[in-house]
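the sequence isn't on hand, but the structure is:
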């Protein structure tokens, strides 16, 4: 739940200045004169500089939204910290043995891992979030316990 609240808050923080910029565009541009009685036509699509300014504003909105979504994808679902340590697994030359190449990111505090495909062949595939166990040191030291050596 905290993950989605943080995402909504991030979108709101980005949307407020962009909405203010849109209102500023309306204030800066002089209004068109009335054509009939009190009818004022829209400036959009009739006034080229205004239309270009709205296009640039729209591109800024799209860019800000895509950056917010991209940043959110690489955050831990528990503590909201950035995921670190990308590890490439699998191999194209040994795909039958190791599987398709993937990139795994881990939370520095052991809350889980995010596995995503290295190459998106058949459309956009959703990354797989795997929560970590409560004692992640046990997982890390499991290989040394199997051989009988102490860390």
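Received it, and whenever you're ready, just let me know what you need. For clarity, every value in this text was computed on a predicted model and none was experimentally measured.

now do the same contact list for the residue of the chain positioned farthest from its centre.
Distance from the centre of the chain peaks at residue 37, with 48.6 Å (C-alpha atoms, centre = their mean). For residue 37, no contacting residues are found, by C-beta atoms under 8 Å, 6 or more residues apart in numbering. Just so you know, the C-beta spots here come from the backbone N, C-alpha and C atoms, and that holds for glycine as well.

per-residue pLDDT, it?
What the model reports as pLDDT for residue 37 is 73.

phi, psi for it please.
With angles defined as degrees, to the nearest 10, residue 37 sits at phi 40, psi -100.

and it, how far is that from residue 31?
Distance of residue 37 to residue 31, computed by C-beta to C-beta, to the nearest Å: 15 Å.

also residue 88?
When residue 88 is compared with residue 31 (using C-beta to C-beta), they lie 57 Å apart.

strands of this protein, start to end?
Assigned by DSSP state E, the strands in the chain fall at 84-89, 102-106, 112-117, 128-131.

between those, which one is nearest to residue 55?
Evaluated over those, closeness to residue 55 peaks at strand 112-117, with 32.7 Å, by C-beta to C-beta.

list the contacts of the closest one.
73-74, 76-78, 83, 100-107, 125, 127-132.

likewise stretch 56-74?
With C-beta under 8 Å, 6+ apart, stretch 56-74 has contacts from 3, 6-7, 10-11, 14, 18, 21-22, 25, 82-83, 105, 114, 127.

buried residues, that stretch. List them.
Buried residues in stretch 56-74, counted by 16 or more other C-beta atoms under 10 Å: 57, 61, 64.

distance between stretch 24-31 and the chain's centre?
The chain centroid and the centroid of stretch 24-31 are separated by 32 Å, computed with C-alpha atoms, centre = their mean, to the nearest Å.

which residues touch it?
40, 43, 47, 50, 53, 54, 57.

do stretch 40-48 as well
29, 31, 32, 33, 34, 35, 50, 51, 54.

need the distance between the two termini of it.
17 Å (C-alpha to C-alpha, to the nearest Å).
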